[in-house]
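Student: can't give you the sequence, but here's the structure:
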């Protein structure tokens, strides 16, 4: 899936300081700052390509990969464009 711009985006995150782009590329990520349930959050929007959609429609899974050895609080959502 690829990160995609959304009309609500408020800023763009870049690679962390000291990130070695040659070892593992880290692309810019457009995000939307939001409040969900009274908690500050950031939302990024992702669009599956045709092959990924076919895989999902055939019962495939969505995987969330986080760099590091722990999982921060996260949520995966289906989002209806408005």
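Tutor: The structure has been received and is ready for your questions. Model, not experiment: these values are computed from the prediction.

Student: In which helix or strand does the spatially closest residue to residue 35 that is not a sequence neighbour reside?
Tutor: Leaving aside its sequence neighbours, residue 35 sits nearest to residue 41 (C-beta to C-beta, 6 or more residues apart in numbering; 6.9 Å). Every C-beta, even on glycine, is put in place using the N, C-alpha and C of the backbone. Residue 41 belongs to strand 39-43 when assigned by DSSP states H and E.

Student: For the chain, which segments count as helices?
Tutor: Assigned by DSSP state H, the helices in the chain fall at 50-57.

Student: Let me see the ranges of the strands in it.
Tutor: Along the chain, counting by DSSP state E, strands occupy 2-4, 11-13, 29-36, 39-43, 45-47.

Student: who wins for proximity to residue 64 among those strands?
Tutor: strand 45-47 (10.3 Å; C-beta to C-beta).

Student: Give me the distance between the residue nearest to residue 35 and residue 73.
Tutor: According to C-beta to C-beta, to the nearest Å, residue 41 and residue 73 sit 9 Å apart.

Student: if we can go back for a sec, so what does the strand holding residue 41 touch, helix or strand wise?
Tutor: Secondary-structure packing of strand 39-43 (3 or more C-beta pairs under 8 Å, 6 or more residues apart in numbering; DSSP states H and E): strand 29-36.

Student: residue contacts, the most centrally placed residue in the chain?
Tutor: Centroid-nearest residue in the chain, with C-alpha atoms, centre = their mean: residue 44, separated by 4.5 Å. Residue 44 makes contact with 3, 29, 30, 31, 32 under the criterion C-beta atoms under 8 Å, 6 or more residues apart in numbering.
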